[in-house]
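Participant: Attaching a predicted model along with its sequence, questions to come.
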Amino acid sequence: MKILVSISIVFLQFASIIECTSSPIQPFATYRNETELIENVADLWWTVDDVRMEITFELHVRTTGWIALGIGLAEDVTNNADIGIGWIDTNGKLYFEDRHSSGFVLPIKDPTTQDWFGLQGQEENNWTAIQFKRALDTKDNMDLPIQSGTNVVLFAYGLIDPNPDITYHEDRRITRMFPLWKP
Ligand SMILES: *[C@@H]1O[C@H](CO)[C@@H](O)[C@H](O)[C@H]1NC(C)=O
Ligand SMILES: *[C@@H]1O[C@H](CO)[C@@H](O)[C@H](O)[C@H]1NC(C)=O
Ligand SMILES: [Ca+2]
Ligand SMILES: [Ca+2]
C-alpha cells in the first residue's frame with residue numbers, strides 16, 4: 001500500500017510537468033513554458049521577463065465564453081485571489097479585466113488600478129485564445145505578487161460572455177500549484 005501511494009505521487013508530479021497542449025489555435029508568440037491545465041480543454045503558455053519584471057501569459061480554452069487565470073495564496077486558496085479575466089465578443093473584440101475575489105463570490109473589477117493587460121485575442125473553432133501580461137509585483141494591494149518558487153494558479157471559465165457580468169463558473173474551475181518563475 002505504501003509503495004502504491006509513493007508511485008502515484010511520483011506519477012502526479014511527473015504528470016504536472018508534461019508539456020502537451022491540445023488547442024487548435026497557434027499561439028501568438030513563442031513562450032518559455034507551457035502546461036496543459038485540463039486535458040483537451042485548457043492550455044497555458046507563459047514567459048517571465050526578469051529584466052522588465054513582468055510575465056506574459058497565453059491562455060487557450062475550449063469555450064466561446066469568458067476565461068480567467070488567477071494567483072492565489074497557498075494557505076487560503078479560495079480567498080483573496082487576484083484574477084485576470086477576458087473574453088472575445090461576437091465582433092472579435094478583446095476584453096480583459098483585472099479583478100479580485102474574496103471567497104466564493106463573483107470576482108469584481110479592482111477599484112484601484114488595472115494591472116492585468118489584454119494584448120491580443122481570438123476565437124476560432126469554439127476555442128478562445130488570449131495573450132495578456134502583468135508585472136510580477138503590481139504594487140497594488142488588490143493584487144497578489146507572483147513570487148519565485150511555487151505559485152498557486154487558479155483557472156476558471158464560463159460558457160458564455162459576460163452579460164452584463166460573468167456567469168458563475170460552477171465546477172469549471174481548478175487550482176494548480178507549480179512554479180511560474182524560477183530566477
Ligand atoms: C520553464 O522553462 C525553463 C526553461 O526551459 C525550465 O528551466 C523550467 O523548469 C520551466 N518551468 C516549468 C514550471 O516548467
Ligand atoms: C462549436 O460548438 C457548437 C455548439 O456546441 C457546435 O454546433 C459546432 O459544431 C462547433 N463548431 C466547431 C467548429 O467545432
Ligand atoms: Ca490591480
Ligand atoms: Ca487584481
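Facilitator: Yes, it's here. Ligands and ions are numbered 1, 2, ... in the order given.
Participant: give me the element the residue nearest the centre of the chain is part of.
Facilitator: Central residue of the chain (Cα atoms, centre = their mean): residue 69, 2.4 Å from the mean position. Assigned by DSSP states H and E, residue 69 belongs to strand 67-72.
Participant: pLDDT on that strand, on average?
Facilitator: The average pLDDT within strand 67-72 is 94.
Participant: what comes up buried for it?
Facilitator: 67-72 (16 or more other Cβ atoms under 10 Å). Using the backbone N, CA and C atoms, a C-beta is placed for each residue, glycine as well.
Participant: With stretch 49-63 instead?
Facilitator: Residues 54-63 are the ones in stretch 49-63 that count as buried (16+ other Cβ under 10 Å).
Participant: again with stretch 33-46
Facilitator: For stretch 33-46, burial by neighbour count (16+ other Cβ under 10 Å) applies to 33-38, 41-46.
Participant: Switch those residues over to CSV; also include distance to ligand 3 and secondary structure.
Facilitator: Formatted as CSV, those follow (distance: Cβ to the ion, whole Å; DSSP: H, G, I helix; E, B strand; the rest coil):
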residue, distance to ligand 3, secondary structure
33, 24, strand
34, 26, strand
35, 25, strand
36, 28, strand
37, 23, strand
38, 26, strand
41, 27, coil
42, 24, strand
43, 25, strand
44, 20, strand
45, 23, strand
46, 19, strand
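Participant: Closest one to ligand 1 out of those residues, please.
Facilitator: Taking Cβ to the nearest ligand atom as the measure, ligand 1 sits nearest to residue 33 out of the buried residues of stretch 33-46, at 3.7 Å.
Participant: Can you verify my assumption that the closest one contacts residue 55?
Facilitator: No. Assessed by Cβ atoms under 8 Å, residue 33 is found out of contact with residue 55, at 10.0 Å.
Participant: can you give me the strands for this protein?
Facilitator: 33-38, 42-49, 54-61, 67-72, 81-88, 94-101, 108-109, 117-124, 127-135, 149-157, 173-181 (DSSP state E).
Participant: Those into TSV, with extra columns for distance to ligand 4?
Facilitator: Below are the strands of the chain laid out as TSV (distance: least, Cβ to the ion, whole Å):
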stretch	distance to ligand 4
strand 33-38	20
strand 42-49	17
strand 54-61	14
strand 67-72	9
strand 81-88	4
strand 94-101	4
strand 108-109	9
strand 117-124	12
strand 127-135	9
strand 149-157	12
strand 173-181	16
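Participant: want to throw these into CSV with distance to residue 142?
Facilitator: What follows is the strands of the chain, written out as CSV (distance: least, Cβ to Cβ, whole Å):
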stretch, distance to residue 142
strand 33-38, 24
strand 42-49, 21
strand 54-61, 17
strand 67-72, 12
strand 81-88, 7
strand 94-101, 5
strand 108-109, 10
strand 117-124, 15
strand 127-135, 12
strand 149-157, 16
strand 173-181, 19
